[in-house]
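*Asks:* Kindly generate the corresponding structure for this input.
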Amino acid sequence: MTTTSPQHVLETSELSPALVEEYTATRPRSREAFEKARRLLPGGQTRSVTHYEPFPSLIRLGRGQMLVDLDGHEYFDALNNYTSLVHGNAFGPASDAVRALLDQGVAFASVHSEQTDLARRILDRLSSADLVRFTNSGSEASSLAARIARHVTGRREIVMAEGGFHGSVAPLLPGEPNVVLVPYNDLQALEQAVTERTAAVFLEPFQGAGGVIPGKKEYLQHAQKVANSQGALFVLDEIQSLRNNYHGVQENLGLSPDLTLIGKIIGGGFPIGAVAGRAKLLDATSPYTVGGLQHAGTFNGHLAAAAAGSATLDYLDSAAISRLNAGASELASAIEDGAAAAGIKVVVTRDGSIMNIHPHRVPENAKEAAKPYKFHRSLHLALMLEGVYAATRGMLNLSTALTDSDLREVGKLYGNAFQRIAQSPDILEDLK
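*Replies:* This next block holds a predicted model:
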């Protein structure tokens, strides 16, 4: 059985045979449940990133910093649904806030105080924004921002970075019409790409899905200037990075984007996205604007997401963010040390509490980050066997539910996983 990714078709035989054998033998219930899922869902999945070989372990329970699969294996959750669960699984205040709504109704064709309460919390954090409009996901937020940019500028082209990810819907996908791709962190290429035809420049402060590749401060600042000098909007994607600074990482970087994309943590584990920005731009979606944009959505600003998001943000203050970032720094060092003890050279790129493991050196771009595919997939399998749930591409992130003691244990488990990898010469050969 194989699985297809944009970079590679990975045969099970390309993984460490010892890891595959142990994993398969210890997860019979997950294997059976996955085969049932394949009869109902294409490839047994409804979300591309949740697939891995030889078959996924099906998670049945999440509590705080721990996950439990169908076979009873426990894992430290170092993925947190790809950064969305900043306080871990089944966060009490978020669950309580949603529970209080259930007998009152959670979806009305009406504005609700839960929506305005969450909007106020978001705008209190983002000094660059006057208004916020909700969507159902970060992908939808990106699509709405592109619509706004095209509407207010009368232009069509969108400039974004190679390897950048702003969601899985048009128009911000490689190969889409009027999308111009430029190398990340390349000032000259950006300057050449942004013209009088450009409606907006979309950038992440670090390339999340591309391998947590840090953006250079001078690059991002210059990107904003270049966009605005050409009459284009500068759109900063903080869907992942909002967790790393109380006021968003735009404060650290000295940026004042025209529009900011947000999602993930602002829903407290429920589906949500939003575009925040200057009033004269967001007012393009106002019913009071003649000739404005229509932006509908049955579940925009769903009340469960709004209530859980407000609770999540209330507990994510500056002190909590500082603890997360400090813990991530210490864990990154422990991971590098654990790899070195196994005779493997890795570096951990990091922005706040989001990290990615790379063999040898920091990659220059997302394409380079994707090259050690077999290594990342085998490391993921080794981590599963050790009791750590992380991303198949080497990414991990922290939640406030992880204690200092937990982080030390996770660091040890990474070291054990590297020892397993060191017993697979074919995987190490792939790194050369």
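*Asks:* Strands of the stretch 151-300 of the chain, start to end?
*Replies:* The residue ranges that make up the strands of the stretch 151-300 of the chain, judged by DSSP state E, counting those that start in this stretch, are 157-161, 179-182, 198-203, 206-207, 213-214, 233-237, 259-263, 273-277.
*Asks:* Output these in CSV; the columns should cover mean pLDDT and mean neighbour count.
*Replies:* Bear in mind the C-beta positions are built from the backbone N, C-alpha and C, glycine included. Conversion of the strands of the stretch 151-300 of the chain to CSV gives the following (pLDDT from 0 to 100; neighbours: other C-beta atoms under 10 Å):
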stretch, mean pLDDT, mean neighbour count
strand 157-161, 97, 26
strand 179-182, 96, 18
strand 198-203, 98, 26
strand 206-207, 96, 26
strand 213-214, 94, 20
strand 233-237, 98, 29
strand 259-263, 98, 29
strand 273-277, 98, 28
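*Asks:* nearest to residue 348, of the ones you listed?
*Replies:* strand 213-214 (11.6 Å; C-beta to C-beta).
*Asks:* Show residues contacting the closest one.
*Replies:* Under the criterion C-beta atoms under 8 Å, 6 or more residues apart in numbering, residues 163, 184-185, 206-207, 349, 351, 362-366, 369 lie in contact with strand 213-214.
*Asks:* Now, of the residues you listed, which are buried?
*Replies:* The neighbour-count test (16 or more other C-beta atoms under 10 Å) applied to those identifies 163, 184, 185, 206, 207, 349, 351, 363, 365, 366, 369 as buried.
*Asks:* Got the phi and psi for the third one?
*Replies:* Put plainly, it is residue 185. Listed backbone geometry of residue 185 is phi 70, psi 10, with angles given as degrees, to the nearest 10.
*Asks:* do you know how far the closest residue in space to residue 244 that isn't next to it in sequence is from residue 405?
*Replies:* If the residues on either side of it in the chain are set aside, residue 244 comes closest to residue 352, at 2.7 Å by C-beta to C-beta, 6 or more residues apart in numbering. Taken as C-beta to C-beta, to the nearest Å, the spacing of residue 352 relative to residue 405 amounts to 21 Å.
*Asks:* These two: which has the busier surroundings?
*Replies:* More neighbours surround residue 352 than the other of residue 352 and residue 405, with 25 against 8 (other C-beta atoms under 10 Å).
*Asks:* which residues touch the residue nearest to residue 244?
*Replies:* When contacts are taken as C-beta under 8 Å, 6+ apart, residue 352 is in contact with 241, 243, 244, 245, 249, 321, 324, 325, 328.
*Asks:* Next, format those as TSV and append distance to residue 409 and pLDDT.
*Replies:* As requested, the contacts of residue 352 are arranged in TSV below (distance: C-beta to C-beta, whole Å; pLDDT from 0 to 100):
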residue	distance to residue 409	pLDDT
241	27	98
243	22	98
244	24	98
245	27	98
249	29	98
321	23	98
324	17	98
325	20	98
328	15	98
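*Asks:* Closest one to residue 14 out of the residues you listed, please.
*Replies:* Within those, distances to residue 14 taken as C-beta to C-beta reach their minimum at residue 328, with 30.5 Å.
*Asks:* what helix or strand does that closest one sit in?
*Replies:* Residue 328 belongs to helix 318-341 when elements are defined using DSSP states H and E.
*Asks:* what does residue 62 give?
*Replies:* Using DSSP H and E, residue 62 falls in strand 59-63.
*Asks:* ok, and for that strand, which residues are buried?
*Replies:* Result for strand 59-63 [16+ other C-beta under 10 Å]: buried residues 59, 62.
*Asks:* Stretch 401-417 now?
*Replies:* Judged by neighbour count using 16+ other C-beta under 10 Å, the buried positions of stretch 401-417 are 401, 402, 406, 407, 410, 411, 413, 414, 415, 416, 417.
*Asks:* In CSV, list those along with pLDDT.
*Replies:* Rendered in CSV, the data for those read as follows (pLDDT from 0 to 100):
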residue, pLDDT
401, 98
402, 98
406, 98
407, 98
410, 98
411, 98
413, 98
414, 98
415, 98
416, 98
417, 98
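*Asks:* Among those residues, which ones are in helices?
*Replies:* Among those, the residues falling in helices (DSSP state H) are 406, 407, 410, 411, 413, 414, 415, 416, 417.
*Asks:* for the residues you listed, which one is nearest residue 107?
*Replies:* When those are compared for distance to residue 107, the smallest value, 36.4 Å, is given by residue 406; criterion: C-beta to C-beta.
*Asks:* can you tell me which residues contact that closest one?
*Replies:* Each residue near residue 406 by C-beta under 8 Å, 6+ apart is listed here: 65, 76.
*Asks:* separation between it and residue 21?
*Replies:* From residue 406 across to residue 21, the span is 29 Å (C-beta to C-beta).
*Asks:* same deal with residue 282?
*Replies:* Taking C-beta to C-beta as the criterion, residue 282 is separated from residue 21 by 55 Å.
*Asks:* what do you get for residue 300?
*Replies:* Distance of residue 300 to residue 21, given as C-beta to C-beta: 48 Å.
*Asks:* which stretches of the stretch 51-200 of the chain have low pLDDT?
*Replies:* Under the criterion pLDDT under 70, no range of the stretch 51-200 of the chain is flagged.
*Asks:* on that earlier part again, which of residue 282 and residue 21 has more neighbours?
*Replies:* The residue with more neighbours, out of residue 282 and residue 21, is residue 282; 20 against 11, by other C-beta under 10 Å.
*Asks:* what's near enough to touch that one?
*Replies:* When contacts are counted by C-beta under 8 Å, 6+ apart, residue 282 touches 130, 131, 132, 133, 148, 275, 276.
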